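Asker: next come a sequence and a model predicted from it.
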Amino acid sequence: MSFVRESVTVGDREITLETGKWAKQASGAVVIRLGDTMILVTAAGSKGPREGMDFLPLTCEYQEKAYSAGKIPGSYFRREGRPSVDEVLVCRLIDRPIRPLFPKGWRIDTQIIANVISFDGENAADVLAMTGGSAALHLSDLVWNGPIVGIRVGRVDGQLIAYPTLDQRKQSDIDLVMAASRDAIVMVEGGMNEVSEAAIIDALLFGHEAIQPLIDLQEKLRAAVGKPKREHEEKAEDEVLVAAVRELAVGGIEQAMTVREKHARSHALSEVETSVVDKLCAEGAEYFERDAEVSKAFGKIKKDHARKTTINAKSRIDGRAFDEIRPISCEVGVLPAAHGSALFTRGETQALVTSTMGTRYDELRTDTLLGDVRKTFFLHYNFPPFCTGEVKMMRGTSRREIGHGNLAERSLARMMPEQEDFPYTVRVVSEILESNGSSSMASVCGGSLSLMDAGVPVKNAVAGIAMGLMMEDGEYAILSDILGDEDHMGDMDFKVTGTKRGVCALQMDIKLEGLTREILEQALDQARTGRMHILDKMAQAIDAPRDELSPKAPRIVTHSIKPDKIRDIIGPGGKTIRAIVEQTGAQIDISDAGVVSIASTDSRSLRQAMEIIRGLTIEPELGQLYTGIVKRIVEFGAFIEILPGIDGLVHISELADGHVRRVTDVIDMGDEVVVKVLNIDRDGKIRLSVRDAQNANPDEVKNFVA
């Protein structure tokens, strides 16, 4: 393959694609570059299909190489290991828009691998990896209906920006990742600062227009150096078999689909399917040993019936109106020992969500290309098999659980108080106890309730809703609060979270060729109506954060000191701070900026630790009155300790009114006297006066020396 390098400008950013130089034994390989960030993305496929496979065998991997940022990995083995949470999330970003574009019946083992090989600390690699995956597939011999482009859209001071830098993202009130083909948006993932629905649509359409040059670039590269595509013939549907299944199944399907309860409906449909398979595939029957084909045809007929009934008869699977939300139940404080807890139930979906507060020692620390990143708010989502009535092996957190947890975390994170005002680490955990659609949105609602129950001063309550879309022959239905079956059978899964003020997060996967602005506006408007309904239901359980933190939670107080005083608290080899911790039982943490955080569940130990630290770090104030102890007497005056380890000189002329012949005529060693600070020079030397402190108001005198 010839080496080719081409560049295009998107907004004011130049993006380069090159191929023919790197990883030439892969089916397709490209390096995509923005600034000095470069990602090598490869696509490879097995020589032939895997026998017995009944699903698309696609895997997407993404890895951030530490050398790309001039770092050595922070792991014990000093090499990259299993994917981090952030890497898993990017794997999902690559997979979700690419997977639906493979042809039906594609059973070739296919793998996309994206390696970050250069990172400039300014331009994120995730959306570049999405585009790189598309380009590698498009240039390869693998059959795929691309290309697509990944793009991030930000908004700073009302101005939409394509591929914002990391600094621009910090200032942005919209952080939207999307994938789009030439004609359609196919995937969206993003977080927002309570922005309007209209602003989101503007960002989506802006992003779709911006990616067009990168679509053209991939087509240009394909025309120049693309490999011939493999032969792939989709197996024709046996229309006679489908007709036979329809004749036997349609009546049973129609009756079973009227059952409202999930498991009862599933059981009824399963009985109909078993009956059809038994009749058509029995030994000696026309379709003997073709059970899989019959079951596949049954599933297609079931899906077609549900879709047409929804769109034409305006009747959903569970009998609700298109914009109707399932019954909602909210409870808070359900776990007496937890800091905050909530049980959120919507229809047949239920989440038990807890909030736990900790100190800086509980921060989530991650070794990334940007260095050691610390998070003080994070959410974990668990989806055990019993929540759907199934039995499965539990082998750690799945990619799906990581993705759903990240969506819920993004939704709540923007409503958390600033760290300066609320110096806690907060962990939210969502345990899904039942699932029939939108458990991630139940996690958002339950998470918001549990945070308020714990007394975390969140800015606003957050709710989430999952929307669906079914479209046939130009007719469509937008569905609020979709069921699991509606998600599976529909053309769009559209999750929206937000407050009464605006949208906080968005996730969308689209199976259609395209959505008009009208459909997007209607879907977002219907989602907003549903969100307001859910927020009203939540407010009946708790409408604002509790006035006080949970009594089980640690109390944290902060005290600012000068950075050069940090050593006074730590002491030689950490001796002083260890002694304070042992004496008081409080946790103490000191930032490089001099912010001292003291945490304890016992208010007495909190006060005790604070008094010790103030005593160690307090500095004398000009003009202030102090009670001090005479530590040393010299011919010309006396040195008096006014703060722990800090003393000043009282000149003999400042001991009393009139002439003083000897210092000991007025004071002796160990005497306790009230003094006033007259001067503090540049070297820190302090001049004191006993004479000016005579007749002092006792309320104005500070005493820090025992």
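Answerer: That came through, no problem.

Asker: you'd agree residue 458 is in a helix?
Answerer: No - residue state for residue 458 (DSSP: H, G, I helix; E, B strand; the rest coil) corresponds to coil; a helix is not indicated.

Asker: and the gap between it and residue 412?
Answerer: Noted for residue 458: a distance of 8 Å to residue 412, by Cβ to Cβ, to the nearest Å. (Each C-beta comes from the backbone N, C-alpha and C, glycine too.)

Asker: what do those two both touch?
Answerer: 448, 451 (Cβ atoms under 8 Å, 6 or more residues apart in numbering).

Asker: can you tell me the closest non-neighbouring residue to residue 624?
Answerer: Spatially, and ignoring its direct neighbours in sequence, residue 624 is nearest to residue 677 (5.4 Å; Cβ to Cβ, 6 or more residues apart in numbering).

Asker: lowest-pLDDT helix or strand in this protein?
Answerer: Counting by mean pLDDT, DSSP states H and E, the chain has its least confident helix or strand at strand 701-702, which shows a mean of 84.

Asker: and that one, what does it pack onto?
Answerer: Packed against strand 701-702 by the contact rule (3 or more Cβ pairs under 8 Å, 6 or more residues apart in numbering; DSSP states H and E) you find strand 625-634.

Asker: and the strand it packs on, what's buried?
Answerer: The neighbour-count check on strand 625-634 (16 or more other Cβ atoms under 10 Å) flags 625-630, 633 as buried.

Asker: ok, stretch 92-105 next?
Answerer: For stretch 92-105, by 16+ other Cβ under 10 Å, it's 92-98, 101-102.

Asker: ok, now stretch 219-239?
Answerer: Neighbour-count burial for stretch 219-239 flags 221-222, 226, 232 (criterion: 16+ other Cβ under 10 Å).

Asker: repeat that for stretch 262-277.
Answerer: In terms of neighbour count (16+ other Cβ under 10 Å), stretch 262-277 has its buried residues at 262, 265, 268-269, 272-273, 276-277.

Asker: do stretch 453-471 as well
Answerer: So for stretch 453-471, counting by 16+ other Cβ under 10 Å, buried means 453-458, 460-471.

Asker: likewise stretch 492-509?
Answerer: Taking 16+ other Cβ under 10 Å as the neighbour-count basis, stretch 492-509 is seen to contain the buried residues 492-499, 502-509.

Asker: how about residue 400, nearest residue that isn't a chain neighbour?
Answerer: Nearest to residue 400 is residue 383, by Cβ to Cβ, 6+ apart, at 7.1 Å.

Asker: touching, the one you found and residue 433? I think so.
Answerer: No - taking Cβ atoms under 8 Å as the contact criterion, residue 383 and residue 433 are not neighbours in contact, 10.1 Å apart.

Asker: how far away is residue 419 from residue 339?
Answerer: The separation that residue 419 has from residue 339, given Cβ to Cβ, amounts to 18 Å.

Asker: more neighbours, the two?
Answerer: For residue 419 against residue 339, the residue with the higher neighbour count under other Cβ atoms under 10 Å is residue 339, and the figures read 25 against 12.

Asker: just the ones of the buried residues of stretch 92-105 in helices?
Answerer: 92-98 (DSSP state H).
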